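J.: Take this sequence and fold it.
(one chain, ligands or ions: 2)
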Amino acid sequence: MGGLAEGTSQFSGLLEGEDVLRTGWAMEALGADVKQLGGGKWQVTGVGRKGLSQPDKVLDFGNSGTGSRLIMGVVAGYPIAVEMTGDASLRSRPMKRILTPLRLMRALDTSGPDGQLPFSIVGTDDLKAITYSPPHASAQIKSAVMLAGLSADGTTIVEEAKPTRDHTERMLRGFGATVDVTPQPGGGMRIAVEGGQALSAIEAAIPGDPSSAAFLIAAGILSPEGDVVVEGVMSNPTRSGFFDVANLMGAHLGAEEAGDAAGERLINLHAGAAALKGKAVPERLVPSMIDEFPILAVLAAFAEGDTIVTGAEELRVKESDRIGATVAMLRANGVEAEERPDGFAVQGCAGKVPGGGLVETHHDHRIAMSALIMGTAAQNPVRVDDISMIDTSYPDFLSHMAELGADISET
Ligand SMILES: O=C(O)C1=C[C@@H](OP(=O)(O)O)[C@@H](O)[C@H](O)C1
Ligand SMILES: C=C(OP(=O)(O)O)C(=O)O
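T.: Numbers count the residues shown, from 1 in each chain. Ligands and ions are numbered 1, 2, ... in the order given. Coordinates of the predicted model:
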């Protein structure tokens, strides 16, 4: 959003995963001045009133679904044609979910019948505001439509049946835009954004990512002793499902207030060794832990009794089919687990996970990190086919694991 604002924004505390870098490079190719200052600091001078310019190269989003889909929404409102692609995983992911509402708003694209990358988005300065109910609980769809809505000719409304993460709403407000959010009877959410609003530059510290914190917290729960503390984690009910379910299973996570940043509350989270019990994950929590199911499955493997996940069919279209990849990860390491169309079931080993298997990551960073955490507590070492893609979201993962005393080595 700094790339759209008038003036120079400064951000600190970014994890600087590949996903963030690629999104930054894409905004630079679209005319913003993006400078990585080192140590998690960035400076972005946005295009403001002059608008985005036609890039002179194909925008390659690598592994980043979020980066590619949000930028599709951004470019829809400018009269430019933007060629986009990604790695093998991203090129296999569904994009019609974004292209359908953007076409309703009058943007065009060159996608084929399968709606997968690579393709071009052909934007327009005549974008039409719409009211849209996404067919999937997806913050990426909501965010793409809202970002396009900033350039549309009226009020764009997204009606969500189940609320998803609300960072775009909060960030837009942080950049000075008005966003109306109205809870609906039955638990849904209505989000309205007026077209033609200008964004102004800000200085913001980026809150700690709960999805990355979940791995360290899981390591703490599975450790034989001691306490893992993760400082400055964003505490937002649209992201806290994993911590809630871990507590339901018997982890006694501690939390203390740690101020706020970029419109989000921060906490320091503490996790110590705990004996877990398997549970049925309440379906209403699924959107708030959508990226945490592989690591939840690892906790479930060490728990006593069964853990059941339902209502999570979106996991089939993440960086990998995360239902298939998660179940295969557990089975390869001696844990009984079964796929369901919309989730999985895990038979817990009451603390004694055999390990000793080779995990296929399918180029999915969350499968790789989950398998390594499983290895820290299993009876035999766990091997992973490739861990290079961990850089997608958490480039410091291996050094943080080493600080916790984990022995991770190349074989
Ligand atoms: O908005 C976001 O930043 C994200 C939303 C989620 O996708 P969906 O909202 O499409 O499920 C999540 O899986 C992804 O890792 C990041
Ligand atoms: C970063 C992630 O997703 P996406 O590729 O959809 O942005 C994730 O699923 O962890």
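J.: what about the helix or strand where residue 221 lies, distance to the chain center?
T.: According to DSSP states H and E, residue 221 maps onto helix 210-222. Mean-position distance between helix 210-222 and its chain equals 16 Å (CA atoms, centre = their mean, to the nearest Å).
J.: is any part of it close to ligand 1?
T.: No. Judged by CB under 6 Å from any ligand atom, helix 210-222 stays clear of ligand 1, getting no closer than 7.1 Å. In this view, the C-beta of every residue, glycine as well, is placed from N, C-alpha and C.
J.: pLDDT averaged over that helix, what's the number?
T.: Average pLDDT, helix 210-222: 98.
J.: ditto for stretch 318-337
T.: On average, stretch 318-337 scores 98.
J.: So for that stretch, what gets flagged as buried?
T.: Residues of stretch 318-337 classed as buried under the neighbour-count rule (16 or more other CB atoms under 10 Å) are 318-323, 325-330, 332-335, 337.
J.: before we move on, back to that, just the angle between the next helix or strand after the helix holding residue 221 and helix 210-222, please?
T.: Following helix 210-222 in sequence order, the next helix or strand is strand 227-235 (DSSP H and E). Here strand 227-235 runs at an angle of 160 degrees relative to helix 210-222 (axes from the mean of the first three to the mean of the last three CA atoms, to 10 degrees).
J.: Strand 227-235 - contacts with which helices or strands?
T.: Under the contact criterion of 3 or more CB pairs under 8 Å, 6 or more residues apart in numbering; DSSP states H and E, strand 227-235 touches helix 210-222, strand 254-261, strand 264-272.
J.: is any part of it close to ligand 1?
T.: No. Using CB under 6 Å from any ligand atom, strand 227-235 stays clear of ligand 1, coming no nearer than 12.2 Å.
J.: Tell me which of the buried residues of stretch 318-337 fall in strands.
T.: residue 337 (DSSP state E).
J.: filter the buried residues of stretch 318-337 down to the ones near ligand 2?
T.: When CB under 6 Å from any ligand atom is applied, the members of the buried residues of stretch 318-337 adjacent to ligand 2 are 318, 319.
J.: so of the buried residues of stretch 318-337, which ones are in helices?
T.: Counted as lying in helices by DSSP state H, out of the buried residues of stretch 318-337, are 322, 323, 325, 326, 327, 328, 329, 330.
J.: and stretch 85-96, anywhere near ligand 2?
T.: No. For stretch 85-96, no contact with ligand 2 is found by CB under 6 Å from any ligand atom; the gap never falls below 7.0 Å.
J.: thinking again about what came up before, mind putting the helices and strands packed on strand 227-235 into a markdown table with distance to residue 107?
T.: Shown next, in a markdown table, are the helices and strands packed on strand 227-235 (distance: least, CB to CB, whole Å):
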| stretch | distance to residue 107 |
| --- | --- |
| helix 210-222 | 30 |
| strand 254-261 | 33 |
| strand 264-272 | 30 |
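J.: Can you add mean neighbour count and give the ones you listed back as a markdown table?
T.: Formatted as a markdown table, the helices and strands packed on strand 227-235 follow (neighbours: other CB atoms under 10 Å):
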| stretch | mean neighbour count |
| --- | --- |
| helix 210-222 | 24 |
| strand 254-261 | 13 |
| strand 264-272 | 20 |
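J.: which one of the ones you listed lies closest to ligand 2?
T.: The closest of those to ligand 2 is helix 210-222. By CB to the nearest ligand atom, the value is 6.2 Å.
J.: how about the residues of the chain near ligand 2?
T.: Within the chain, the residues that sit near ligand 2 (CB under 6 Å from any ligand atom) are 19, 63, 64, 65, 66, 291, 318, 319, 366, 393.
J.: you'd agree residue 408 is up against residue 399?
T.: No. The pair residue 408 and residue 399 fails to qualify as a contact (CB atoms under 8 Å) at a distance of 10.2 Å.
J.: More neighbours: which of the two?
T.: More crowded of residue 408 and residue 399, by other CB atoms under 10 Å: residue 408, with 15 against 8.
J.: ok, residue 146 - contacts?
T.: Contact analysis of residue 146 by CB atoms under 8 Å, 6 or more residues apart in numbering lists 73, 156, 158, 168, 169, 172, 179, 191, 193.
J.: So which of those residues are in helices?
T.: Those of the contacts of residue 146 mapping onto helices are 73, 168, 169, 172, per DSSP H.
J.: Which one (most neighbours) among the residues you listed?
T.: Ranking the ones in helices among the contacts of residue 146 using other CB under 10 Å puts residue 73 first, with 27 neighbours.
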